[in-house]
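>>> pasting the sequence and the predicted model now:
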Amino acid sequence: MATAEITASALPLTRSERSVICPVTGLRIYAGARALTLANAVAAVLALAAGGTFALLVGLTRTPSVSMLKPEAYYQSLTGHGVAALILWPIFFEVAAMVFASSILLNTRVWSMKLGWTSFAAMIAGTAMLLVSVISGKANVTFTAYPPLIANPMFYLGYIVFAVGVLLAVVNFCMTILLARQERMKNKSLPLLTYGVAVAALLALMGIVAGLVALVPAWLYSMGLIGSVEPIVYRAWFWGLGHTLQYVNVVAMVVAWYGIIALTLRAGPVNQKFSRLAFILYLVFAVPVLGHHFIVDPGLSTSVKVFGASFMGFALGIPSLMHGLAVMGAVESRMRRGGGVTGLFGWIRALDWKHPGIAALGVSLVLFAIGGWSGSAQTTLQLNMLTHNTMWVPAHLHAVVVGGMTLGFMGFAYYLVPILAGRRLFSRRLATIQVYLYGGGLLFMIAMQSWAGIIGVPRRTASIEYGGQAPTSWELPMNLMGVGVTLAALGGLIFILQMVLTLIVGKPTSDPAELVPSASKIPLADPPTLAAATANVGGPNDGGTPDRRLETPGAFSVMTIYVALFLVTWLAYFAYLTLHWAVN
């Protein structure tokens, strides 16, 4: 992919490092940063493969007509699915994004390659310990591992070693940004992508600290070195990790959205300050928020639950709504400036929906929006009593984490990996099919899980039969859920094959049009070069795009409709509540 070869010997650091000029973005890519980004991306894809395999086993076991696994093996697979899909897959990808956003986007070297590879090695070691303990059957404690459930010490040690590796990656990320500011970014703002990843890194630091407070005593307890672990204390600190981590994933997903539109449409945010404020609000609201798990906890007062879980939980929806508006507004503004777009939603029709990046962005936005809608039931004190520990909860989680985050990461990976590898994506047509197959399977699965949750089907049980005592009405939605699980698993497999085949047999190319084709059906007037992509996602002092609010009536209309539907359905939940608890 190189168009020029240079060395970094003239820079302040003593080490000399080869670099190339990327033909797509015009950015300088150092060899170390490229290798470290690809290594973490490959590890992420492999972790996704493990998480998807466990997911298929879990989903089909919960399908009554199939019921693949016995209870012990079911809980083994459920533990593996939670660890691989909620921890390993997103964090490996986010560490890759850290290297990309701090070194490649800022045209500088990684601060310490030794620290980078040490971090990667620790994460791989932690991954191995976690997966070996799960596969060996010594950690059938589900993702949360609530005491007095106890796993093999290697399970907790794997978490701890992995967390230390992530901590080292965050340190390297921060020091690389400082190096870039010292070398070539004085008096300049960070690009928006780097700014967003920095917010995710800060959230990750808070989550890691909370996780270590929970997991270190649990590890000592598993070895018999301490007599007990207080379950409520463990639970509080564990969700300091688990819930904060979910917003690390959300912030990284939003970064992927901005990256996709910058690469495929040369589109930047309509208003830089608006987007940056939205990132900061995640930090403000995510710290004090309580997960929906605490709403039914007898150890907390009602006032704490209402403020921490309900009020702050709904507040966390504000930055997500802001970013949704910003991303759609950026796309609409870019398309309208291109000419040939008429009507309120003509910009949507002008997008190339056979383009895998646009397909992934669109489906990610839709599924994430559905997850926000369904999550309001867990966030509301009274409504949570109906949905807590039913299939409604995994429906919400899969819409947000799998539908929103994973599809956003997949869409970004379809361009990040080819750019770094200098190879054309193995098959764009297959990539587009993969997006719709994966997203469609998830949508169907989520709908069936929501139906099952409404009628009371519990989660985290290997069987819904209860010795033949369960209502027969539970069987249909759970059987149909298995169809969605299978389709989504097939879509996930295609993505993994795409990444592997792109790296192995993808056509070597330095043609920007082959690496990142345009996602517009119509010619874009005066399209900037992709060398200007960092300006489009840069700061106010870096040529960031001006305020163009009046050019985005369609995006405002879409967001207004969504908020209105959100409020209507939220009120409808209360109407449903009265069917269970009569008001006299």
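That came through, no problem. Residues are numbered from 1 along each chain as shown.
>>> pull the number of nearby residues for Gln182.
Residues contacting Gln182 under the criterion other C-beta atoms under 10 Å number 12. Using the backbone N, CA and C atoms, a C-beta is placed for each residue, glycine as well.
>>> phi, psi of it?
When read as degrees, to the nearest 10, the backbone of Gln182 gives phi -70, psi -40.
>>> when you give positions from now on, start the count at 31
New numbering, starting at 31: the last item is Gln212.
>>> Leu86: what's it in contact with?
515-516, 519 (C-beta atoms under 8 Å, 6 or more residues apart in numbering).
>>> most neighbours among these, please name it.
Result: Val515 is most packed of the contacts of Leu86 (other C-beta under 10 Å), 26 neighbours.
>>> and that residue, which of the three is it?
helix (DSSP: H, G, I helix; E, B strand; the rest coil).
>>> where's the closest residue in space to it that isn't next to it in sequence relative to His418, distance?
For Val515, ignoring the flanking residues on the chain, the nearest one in space by C-beta to C-beta, 6 or more residues apart in numbering is Gly89 at 3.2 Å. Distance, Gly89 to His418, using C-beta to C-beta, to the nearest Å: 21 Å.
>>> repeat for Ala234
27 Å.
>>> comparing these two, which shows the higher neighbour count?
Neighbour tally, Ala234 and His418, criterion other C-beta under 10 Å: the higher count belongs to Ala234, 30 against 17.
>>> count of neighbours near the closest residue to Ala234 other than its chain neighbours?
Using C-beta to C-beta, 6+ apart and skipping the chain neighbours, the partner closest in space to Ala234 is Val278 (5.0 Å). Val278 is flanked by 26 other residues according to other C-beta under 10 Å.
>>> pLDDT weak spots in this structure?
31-45, 215, 217, 318-323, 368, 496-498, 552-580, 612-614 (pLDDT under 70).
>>> contact partners for the residue nearest the centre of it?
When C-alpha atoms, centre = their mean is applied to the chain, the residue found nearest the centroid is Met435 (3.1 Å). Applying C-beta under 8 Å, 6+ apart to Met435 gives the contacts 120, 279-280, 282-283, 394, 398.
>>> Val284 versus Ser404, what's the distance?
Taking C-beta to C-beta, one finds Ser404 at 19 Å from Val284.
>>> who's more crowded, those two?
Between Ser404 and Val284, counted using other C-beta under 10 Å, the more crowded position is Val284 (30 against 23).
>>> quick one: what helix or strand has the nearest residue to that one once chain neighbours are set aside in it?
Nearest residue to Val284, sequence neighbours excluded (C-beta to C-beta, 6+ apart): His353, at 4.7 Å. Using DSSP states H and E, His353 sits in helix 347-368.
>>> show me what the helix or strand just after that helix is packed against.
For helix 347-368, the succeeding helix or strand toward the C-terminus, using DSSP H and E, is helix 376-379. Applying 3 or more C-beta pairs under 8 Å, 6 or more residues apart in numbering; DSSP states H and E, one finds that helix 376-379 contacts helix 347-368, helix 583-610.
>>> any idea which of those is most buried?
Among those, judged by mean count of other C-beta atoms under 10 Å, the one packed with the most neighbours on average is helix 347-368 (a mean of 23).
>>> got the angle for that one vs helix 583-610?
Relative orientation of helix 347-368 and helix 583-610, computed by axes from the mean of the first three to the mean of the last three C-alpha atoms, to 10 degrees: 150 degrees.
>>> point out the other helices and strands that the longest helix anywhere in the chain packs with.
Assignment by DSSP state H gives helix 261-295 as the longest helix of the chain. Helices and strands touching helix 261-295, by 3+ C-beta pairs under 8 Å, 6+ apart, are helix 119-129, helix 222-252, helix 302-316, helix 347-368, helix 386-409, helix 437-451, helix 563-566.
>>> what comes up buried for that helix?
Neighbour counts over helix 261-295 (16 or more other C-beta atoms under 10 Å) mark 264-295 as buried.
>>> ok now stretch 407-420, how far from the chain's centre?
24 Å (C-alpha atoms, centre = their mean, to the nearest Å).
>>> okay, buried residues for it please.
Buried residues in stretch 407-420 (16+ other C-beta under 10 Å): 407-410, 413-414, 416-418, 420.
>>> contacting residues around the residue nearest to Val515?
475, 511-512, 515-516, 519.
>>> output those as CSV; include the columns distance to Thr590.
CSV is the format used below for those (distance: C-beta to C-beta, whole Å):
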residue, distance to Thr590
Met475, 29
Met511, 33
Gly512, 37
Val515, 34
Thr516, 37
Ala519, 36
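>>> farthest-separated two in these?
Met511 and Ala519 (12.4 Å; C-beta to C-beta).
>>> what is the helix or strand where Leu160 lies packed up against?
Assigned by DSSP H and E, Leu160 belongs to helix 143-165. For helix 143-165, the packing partners by 3+ C-beta pairs under 8 Å, 6+ apart come out as helix 61-91, helix 101-112, helix 119-129, helix 183-213.
>>> now do the second one: everything it contacts.
Translated: helix 101-112. Counting by C-beta under 8 Å, 6+ apart, residues outside helix 101-112 touching it are 80-81, 84-85, 87-88, 91, 99, 161, 164-165, 167, 169-175, 490, 492-493.
>>> how much space between the closest residue in space to Leu413 that isn't next to it in sequence and Arg92?
Excluding the flanking residues, the one nearest Leu413 by C-beta to C-beta, 6+ apart is Ala407, at 4.5 Å. Distance from Ala407 to Arg92, counting by C-beta to C-beta: 20 Å.
>>> now Ile524
Counting by C-beta to C-beta - Ile524 and Arg92 are separated by 23 Å.
>>> which of these two has more neighbours?
Set side by side, Ile524 and Arg92 show more neighbours around Arg92, with 29 against 18, by other C-beta under 10 Å.
>>> hmm, Lys384 is touching Ile463, no?
No - counting by C-beta atoms under 8 Å, Lys384 does not reach Ile463; the two are 9.6 Å apart.
>>> now do the shared contacts for those two.
With C-beta under 8 Å, 6+ apart, Lys384 and Ile463 have no common neighbours.
>>> which of the contacts of Leu86 sits closest to Leu57?
Using C-beta to C-beta, the contacts of Leu86 come closest to Leu57 at Ala519, 36.0 Å.
>>> SS state for that closest one?
Taking three-state DSSP, the label given to Ala519 is helix.
>>> I figured it hits Phe84, correct?
No - here Ala519 lies out of contact with Phe84, judged by C-beta under 8 Å, at a distance of 10.4 Å.
>>> isn't Leu520 right up against Leu472?
No - applying C-beta under 8 Å as the test, Leu520 and Leu472 come out as separate, 11.6 Å apart.
>>> which one's more surrounded, these two?
Shown here are Leu520 and Leu472; by other C-beta under 10 Å, Leu472 has more neighbours (26 against 15).
>>> which ones are touching Thr174?
Counted by C-beta under 8 Å, 6+ apart, Thr174 has contacts 112, 265, 268, 272.
>>> next one: phi and psi at the residue lying closest to the second one once chain neighbours are set aside?
For Arg265, ignoring the flanking residues on the chain, the nearest one in space by C-beta to C-beta, 6+ apart is Tyr176 at 6.3 Å. In this entry, Tyr176 is assigned phi and psi values of phi -60, psi 130 (degrees, to the nearest 10).
>>> what is the burial count for Tyr176?
Neighbours around Tyr176, by other C-beta under 10 Å: 16.
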